[in-house]
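Engineer: Sharing a model that was predicted from the sequence below.
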Amino acid sequence: MSNNRLTMPILRNIPAILFVMVFVLFSVLDERFLSITNFSNIVESSAFIGLLAVGMTAVLLTGGIDLSVGATMYITAAVVGTLLQQDVNYIIAIGAGIVAGTGWGFLNAFLIAKVGLVPFVATLATLTAGRGVGLLLTESRQFILPPEMAYAATDVFGIPLPVLVLAIVVVASVIFLRYTGMGRQIYAMGNDLEAAKKAGLNTIRLTGSVYVISGFTASLAGIIAISQQGSVSAGIGEGVEFRAIAAAVLGGTSLFGGIGTVFPGTVIGVLLVQMISTGLVYLQVDLYLQDMIAAAVIFFAVLIDASRMRLLSRLERRNIRVEKGDADPPPAAKPSPAPS
């Protein structure tokens with residue numbers, strides 16, 4: 001029993017433990033890594049991946065997956081870039097881009113919740129189609145953005161704007177998932193879909209809502225990404241879905257649904273993924289090896305998640321049995337027969 005009390009907190013806090021281990025490792029390997037400036041850069045650079053990972057967390061909580069977030073980013077960027085080339089006001093262009101990206105999330109919601117397609121297949125299709133839509137809008141051209149789109153370099157109350165946007169989205173997501181009925185229903189559905197249906201939950205609405213959320217956060221990520229890069233190109237959002245999934249899973253969100261938190265879980269996972277990328281740059285690792293390392297991180301994350309969930313489930317079942325055994329009252333003594 002005492003071993004369980006030690007093991008279960010460790011399993012539940014694996015994301016934080018991994019974060020500390022990686023931070024210490026890179027700090028020992030390169031002393032330049034251990035600086036406030038570097039950590040600030042890590043936080044700012046992780047903003048758009050963080051936005052993707054928040055939406056991905058909501059999707060994973062239902063047991064689904066969204067492979068189209070990178071394409072959604074590109075559609076958003078393409079709409080903004082195309083409108084700016086036509087001298088449309090940049091605020092209107094940004095609004096139109098967000099609407100387009102969120103609309104792509106609605107398409108995923110329709111295909112999965114209404115049509116009944118498997119999330120992997122549906123979002124793989126919209127990933128490919130979304131890239132095609134973006135290329136159609138931009139005609140494969142690169143757009144240089146006007147100076148007013150450099151808002152990512154501005155600070156609000158001393159906080160970089162991308163970090164502030166991420167913080168607002170994280171706070172809103174925490175409130176939604178923890179303190180609203182719909183958020184708790186998403187957890188319940190992810191834990192047991194059939195039980196949620198029997199309990200009368202509107203699983204179609206719940207499933208659709210998380211893909212709309214994912215589309216919205218991906219559109220925000222696209223807006224932040226093009227502002228940081230200063231241009232719109234065909235490479236926007238390419239491959240980011242895997243980093244978003246890795247960040248969510250490394251933060252403790254289960255691929256099987258029902259378990260996970262945006263804060264601190266996913267936030268730690270996002271910083272961990274960005275920290276690894278930054279650390280590899282400091283260590284001057286070959287650029288061509290970084291994709292292989294990213295794939296290894298995702299594999300490692302999935303392996304840890306599967307092992308952690310099995311161990312937690314086993315330990316919790318064991319604790320329930322022990323507590324039930326302790327709670328069972330002793331059998332009542334039989335009454336003595338009345339004297340005749």
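Structural biologist: Perfect, I can see it now. Numbers count the residues shown, from 1 in each chain.
Engineer: For the stretch 201-340 of the chain, give me the ranges with low pLDDT.
Structural biologist: Within the stretch 201-340 of the chain, the stretches with pLDDT under 70 are 294, 298, 301-302, 305, 312, 316-340.
Engineer: quick one, strands of it?
Structural biologist: 231-232 (DSSP state E, counting those that start in this stretch).
Engineer: All the helices of it, in order from the start?
Structural biologist: Assigned by DSSP state H, counting those that start in this stretch, the stretch 201-340 of the chain shows helices spanning 203-229, 240-250, 267-282, 290-327.
Engineer: ditto for the stretch 51-200 of the chain
Structural biologist: Taking DSSP H, counting those that start in this stretch as the criterion, the stretch 51-200 of the chain carries its helices at 69-85, 90-109, 119-138, 161-179, 181-191, 193-198.
Engineer: just to revisit the earlier point, out of the helices of the stretch 201-340 of the chain, deepest packed?
Structural biologist: When these are scored by mean count of other Cβ atoms under 10 Å, the highest mean neighbour count falls to helix 240-250 (a mean of 27). Where C-beta positions appear, they are placed from N, C-alpha and C, glycine not excepted.
Engineer: Can you check what angle separates that one from helix 119-138?
Structural biologist: Interaxial angle of helix 240-250 relative to helix 119-138 (axes from the mean of the first three to the mean of the last three Cα atoms, to 10 degrees): 140 degrees.
Engineer: And the contacts of helix 240-250?
Structural biologist: 15, 18, 48-50, 52-53, 55-57, 60, 65-70, 73, 127, 221, 255, 260, 266, 268-270, 272-273, 294-295, 297-298, 301-302, 304-305 (Cβ atoms under 8 Å, 6 or more residues apart in numbering).
Engineer: count of residues packed around residue 106?
Structural biologist: As a burial measure, residue 106 scores 14 neighbours (other Cβ atoms under 10 Å).
Engineer: List the contacts of stretch 84-103.
Structural biologist: Here stretch 84-103 has contacts from 72-73, 75-77, 79-80, 83, 143, 145-146, 148-149, 212, 215-216, 218-220, 222-223, using Cβ under 8 Å, 6+ apart.
Engineer: and the gap between residue 44 and residue 191?
Structural biologist: 36 Å (Cβ to Cβ, to the nearest Å).
Engineer: typo on my end, residue 28
Structural biologist: 40 Å.
Engineer: Please say which of those two ends up with more neighbours.
Structural biologist: Neighbour count, other Cβ under 10 Å: between residue 28 and residue 191, residue 191 has more, with 16 against 10.
Engineer: Which pLDDT value does the model give that one?
Structural biologist: For residue 191, the model assigns a pLDDT of 89.
Engineer: Now the spatially most central residue of the chain: closest residue in space, sequence neighbours ignored.
Structural biologist: Centroid-nearest residue in the chain: residue 53, 2.2 Å away (criterion: Cα atoms, centre = their mean). Nearest non-adjacent residue to residue 53, counting by Cβ to Cβ, 6 or more residues apart in numbering: residue 247, 4.1 Å away.
Engineer: Now stretch 39-57: average pLDDT?
Structural biologist: Mean pLDDT, stretch 39-57: 92.
Engineer: Mind exporting the C-alpha coordinates of it to CSV?
Structural biologist: C-alpha atoms of stretch 39-57 as CSV (Å, rounded to 0.1, in the frame of the first residue of the first chain):
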residue,chain,number,x,y,z
PHE,A,39,13.7,30.7,-21.4
SER,A,40,11.8,33.8,-22.5
ASN,A,41,12.6,32.9,-26.1
ILE,A,42,11.4,29.4,-25.6
VAL,A,43,8.1,30.6,-24.2
GLU,A,44,7.6,33.1,-27.0
SER,A,45,8.6,30.6,-29.7
SER,A,46,6.1,28.0,-28.3
ALA,A,47,3.1,30.3,-28.6
PHE,A,48,1.6,29.0,-31.9
ILE,A,49,2.3,25.4,-31.0
GLY,A,50,0.7,26.0,-27.7
LEU,A,51,-2.5,27.3,-29.3
LEU,A,52,-2.6,24.2,-31.5
ALA,A,53,-2.0,21.9,-28.5
VAL,A,54,-4.8,23.5,-26.5
GLY,A,55,-7.3,22.6,-29.3
MET,A,56,-5.7,19.2,-29.7
THR,A,57,-6.1,18.5,-26.0
